[in-house]
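# What follows is a predicted protein model with its sequence.
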Amino acid sequence: MQTARTTQSEPVAAAEDLLRQLQGGDTPRLVTLFASRERDQLALNRAVRERLPKGTRLVGATTAGELDNQGMHSGSVVLGALSGDFEVGLGLGTGLSVDAVGAGATAIKRAAQELGVRQSDIDPRQYVGLVIDDGFRYKKEELLLGILEKNQTLVLVGGGAADHEQDPAKQSALLHVDGEVATDAVVVALFKTSAPWAALRSHWYLPTGERLTITRVDDSATRALEIDGKPAAQRYADLLGVPVDELEFGKPRGFAVHPTALKVGREYFIRAPWKPLPDGSVLFANLLEEGTELELMKMGDMAGLTRAFFQEELPRRVANPQATLLFHCSGRMWYAGATGTIPQLAETLRHAPAAAGMNVHFEIYSGFHINTTLTVLAFGGN
């Protein structure tokens, strides 16, 4: 993978700057385009698409920050150009807020059709799905049901298109799929390859061995009303030994430092609470089910664990790593900013194989909606 980044604001100038940086490489099969939200996405898409080879596919999204091996950026465009022994099919599903299951099903159906494979025949050893959704629709669980409906073995990884805007009333996200720019949608890029690859995740938490049970949820399945049979916010505050008003994600002794995780085999999938509400409930970013047991986690060495992921775990999982697509939780970025550790976290990206990515609005990994995590699709060589 070759990467390029530009801070040029005018769309044509930005596209020419990006493509100029790719001169001399192999013709890419797929280009990823991660662009800050305030840019004219339609004009940028048109300018980049016109300058790419006709057979090169294009996929991307708006961001809450852009990532490459030089660090974490704001207000720029990062492009990744992938070439090599793989095929890719793209599928777009729209109407996410109306029928998220249907949107997910449409996206994977179209991607599979482009590769000439039935969904039920997708071999999880040769295929992997990259998923980018409009993160502000909060429909990840439902769209994943649609994507996996006909093949539960397909590995998925990705995250939500995002925005730097902090006001929820003003946030919006856009997806790039070849020459189309869409909102309220989900895109699946379905890869087929015999090269080494892996879907990976990294977080900076360690298990405490202490567990809690979600005993009562509201009708939306996003608010825990009771934890361990007690009012949710007060129970969580008691577990941490802090007042309820110190729980909200981002505060130095609350959910960001001690989130919960769903243990699946040996993996811990972070499902952090978001904020305590005035009625004593706790709002989560993901859907909740009564009776679910979660493990309480604790903060580890943020930069150290991320660096070890790139230096040790990724090369162990992917032979001769050549390319990484990064989907970094905006909540991680938020907390790193609050603790003054963005420079140390950004430095870890220098240890990654060729990298292009973005800060996302919640993450997708192995069919789960998770948060406070860096999810990665990595490709190697053989």
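Ah, there it is. Numbering: from 1, shown residues only.

# contacts and neighbour counts: CA atoms only from here.
Noted.

# Is residue 374 in contact with residue 325, as I believe?
No: Residue 374 lies out of contact with residue 325 (CA atoms under 8 Å); the separation is 10.3 Å.

# beta partners of residue 226?
Beta-bridge partners for residue 226, by DSSP bridges, are residue 216, residue 231.

# who touches both of residue 374 and residue 325?
Common contacts of residue 374 and residue 325, defined by CA atoms under 8 Å, 6 or more residues apart in numbering, are absent altogether.

# in the stretch 151-300 of the chain, what spans have low per-residue confidence?
Counting by pLDDT under 70, the stretch 151-300 of the chain shows no low-confidence range.

# What segments of it are helices?
Counting by DSSP state H, counting those that start in this stretch, one finds helices in the stretch 151-300 of the chain at the ranges 232-240.

# Please name every helix or strand in contact with the helix or strand hosting residue 87.
Assigned by DSSP states H and E, residue 87 belongs to strand 86-94. Applying 3 or more CA pairs under 8 Å, 6 or more residues apart in numbering; DSSP states H and E, one finds that strand 86-94 makes contact with helix 100-114, strand 185-193.

# quick one: which of the ones you listed is nearest residue 151?
Minimum separation from residue 151 across the helices and strands packed on strand 86-94 (CA to CA) falls at helix 100-114, 10.2 Å.

# follow-up on the earlier one: determine which stretch of the helices and strands packed on strand 86-94 is the most buried.
Comparing the helices and strands packed on strand 86-94 by mean neighbour count (mean count of other CA atoms under 10 Å), strand 185-193 comes out on top with a mean of 25.

# Okay, now the sheet partners of it, with direction.
Within its sheet, and counting by DSSP bridges, strand 185-193 is paired with strand 86-94 (antiparallel), strand 127-134 (antiparallel).

# And residue 366, how far from residue 209?
23 Å (CA to CA, to the nearest Å).

# contact partners of stretch 263-272?
The contact list for stretch 263-272 (CA under 8 Å, 6+ apart) reads 203, 255-256, 259-262, 284-286, 294-295, 369-373.

# likewise stretch 281-289?
141, 214, 217, 221-226, 231-233, 271-277, 369-371.

# what about that stretch, start to end distance?
With CA to CA, one end of stretch 281-289 sits 14 Å from the other.

# Beta-bridge partners for the closest residue to residue 176 other than its chain neighbours, please?
Closest residue in space to residue 176, ignoring its immediate chain neighbours: residue 60 at 4.7 Å, by CA to CA, 6 or more residues apart in numbering. Per DSSP bridges, the residues bridged to residue 60 are residue 33, residue 176.

# Would you check how far apart residue 60 and residue 144 are?
Separation of residue 60 from residue 144 (CA to CA) stands at 19 Å.

# Between residue 366 and residue 209, which is the more surrounded one?
Per other CA atoms under 10 Å, whichever of residue 366 and residue 209 has more neighbours is residue 366, with 20 against 8.

# The closest residue to residue 187 other than its chain neighbours - how many residues pack around it?
Take residue 187 and drop its neighbours on the chain: the residue closest to it by CA to CA, 6+ apart is residue 92, 4.5 Å away. Neighbour count for residue 92, taken as other CA under 10 Å: 25.

# how close does residue 92 get to residue 242?
As defined by CA to CA, residue 92 lies at a distance of 45 Å from residue 242.

# Could you do residue 370 as well?
25 Å.

# of the two, who's got more company?
The neighbour count for residue 370 versus residue 242, taken as other CA under 10 Å, is higher for residue 370 (25 against 14).

# Quickly list what the residue positioned nearest the centre of the chain is bridged to.
Centroid check for the chain by CA atoms, centre = their mean gives residue 159 as the closest residue, at 2.4 Å. Taking DSSP bridges, one obtains residue 132, residue 363 as the residues bridged to residue 159.

# thinking residue 299 is in contact with residue 204, fair?
Yes: with contact defined as CA under 8 Å, residue 299 reaches residue 204; the gap is 6.2 Å.

# So those two - more neighbours on which side?
Legend: neighbour count by other CA under 10 Å for residue 299 and residue 204, higher for residue 204 (21 against 15).

# what's near enough to touch the more buried one?
Residues in contact with residue 204 (CA under 8 Å, 6+ apart) are 299, 300, 301, 302, 305, 306, 373.

# Please pick the buried ones from the residues you listed.
302, 305, 306, 373 (16 or more other CA atoms under 10 Å).

# Got the confidence number for the second one?
Put plainly, it is residue 305. For residue 305, the model assigns a pLDDT of 96.

# isn't there a helix covering it?
Yes: Residue 305 forms part of a helix when assessed by DSSP: H, G, I helix; E, B strand; the rest coil.

# Assign the nearest residue to residue 150 once chain neighbours are set aside to helix, strand or coil.
Setting aside the residues directly before and after it, residue 150 is nearest to residue 120 in space (CA to CA, 6+ apart), at 5.6 Å. What three-state DSSP gives for residue 120 is helix.

# Domain ranges for the protein, per the record?
The record's domain parsing of the chain by automatic domain parsing lists 2-202+303-380, 205-299.

# winner for burial among those?
Burial of these is given as mean neighbour count (mean count of other CA under 10 Å); domain 2-202+303-380 ranks first at a mean of 21.

# now the end-to-end length of it.
End-to-end distance of domain 2-202+303-380 (CA to CA): 14 Å.

# Just give me how far that domain sits from the chain centre.
7 Å (CA atoms, centre = their mean, to the nearest Å).

# Kindly report the same for stretch 370-382.
With CA atoms, centre = their mean, you get 9 Å for stretch 370-382.

# first vs last residue of that stretch, how far apart are they?
This stretch, stretch 370-382, spans 31 Å end to end (CA to CA).

# All set, thanks.
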